[in-house]
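**Student:** this one's structure only:
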């Protein structure tokens, strides 16, 4: 029985939608993250990217300075690094340290001194996935990956064979050590971001970039 080109395209789109609905395992509430027990399931905005969160009512405008602790690479058994080498984990942690510092300087004075009006940011890198080389680029255009990635792009979901990064962010009042907000997040490039498919860690780094911008918006 012959299948018309139109029917074939419809079937491909249907498969893409089904796959998109099943894509991506969310990060767990990592047991070794200090504020994990205080986080609850996020049912609000961007719950797909931030599955767990702890929130207090905070006037961020009263804070002008920030201390950014060295990024910690999570060693718990529930990490999501897979077989990613320790050297790549450390390199990604260094990238995260520099990117968050660069981005948050738009809003804060980075400092090492504890004074009133100072936040302390603790970042824990908990997982990362590399982009499958060549395949990650090709699937932006081929008959199977193209429709899937278009659907994911519209949904804000992760692309096929695309890398990603998972981490925890904990924000404290530096003077009192009171936890003001914390969350666990899963970040990745737009599913049609071709540039983020070049280099095995490029998608994870793009995820870091997006996460830093997201935190800047939160703290404004």
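**Tutor:** Sure, I can see it. As the structure is a computational prediction, the values presented were derived from the model and not from experiment.

**Student:** list the contacts of residue 114.
**Tutor:** Applying C-beta atoms under 8 Å, 6 or more residues apart in numbering to residue 114 gives the contacts 67, 174-175. The C-beta positions use only the backbone N, C-alpha and C, and glycine is treated the same way.

**Student:** and for residue 122?
**Tutor:** 34, 69, 72, 169-172.

**Student:** any idea what the residue nearest the centre of the chain is bridged to?
**Tutor:** Against the mean C-alpha coordinate of the chain, by C-alpha atoms, centre = their mean, the closest residue is residue 187 at 2.1 Å. In this structure, residue 187 bridges to residue 165 when assessed by DSSP bridges.

**Student:** correct me, but it touches residue 213?
**Tutor:** No. Assessed by C-beta atoms under 8 Å, residue 187 is found out of contact with residue 213, at 10.0 Å.

**Student:** follow-up on the earlier one: what separates the residue nearest to the centre of the chain from residue 60, distance-wise?
**Tutor:** 21 Å (C-beta to C-beta, to the nearest Å).

**Student:** residue 175: helix or strand, and which one exactly?
**Tutor:** Using DSSP states H and E, residue 175 falls within no helix or strand.

**Student:** show me where this protein has its strands.
**Tutor:** Counting by DSSP state E, the chain has strands at residues 40-41, 52-55, 65-68, 72-73, 109-110, 118-129, 164-173, 179-187.

**Student:** got JSON lines for those strands, with distance to residue 79 too?
**Tutor:** What follows is the strands of the chain, written out as JSON lines (distance: least, C-beta to C-beta, whole Å):
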{"stretch": "strand 40-41", "distance to residue 79": "20"}
{"stretch": "strand 52-55", "distance to residue 79": "15"}
{"stretch": "strand 65-68", "distance to residue 79": "22"}
{"stretch": "strand 72-73", "distance to residue 79": "9"}
{"stretch": "strand 109-110", "distance to residue 79": "28"}
{"stretch": "strand 118-129", "distance to residue 79": "6"}
{"stretch": "strand 164-173", "distance to residue 79": "9"}
{"stretch": "strand 179-187", "distance to residue 79": "12"}
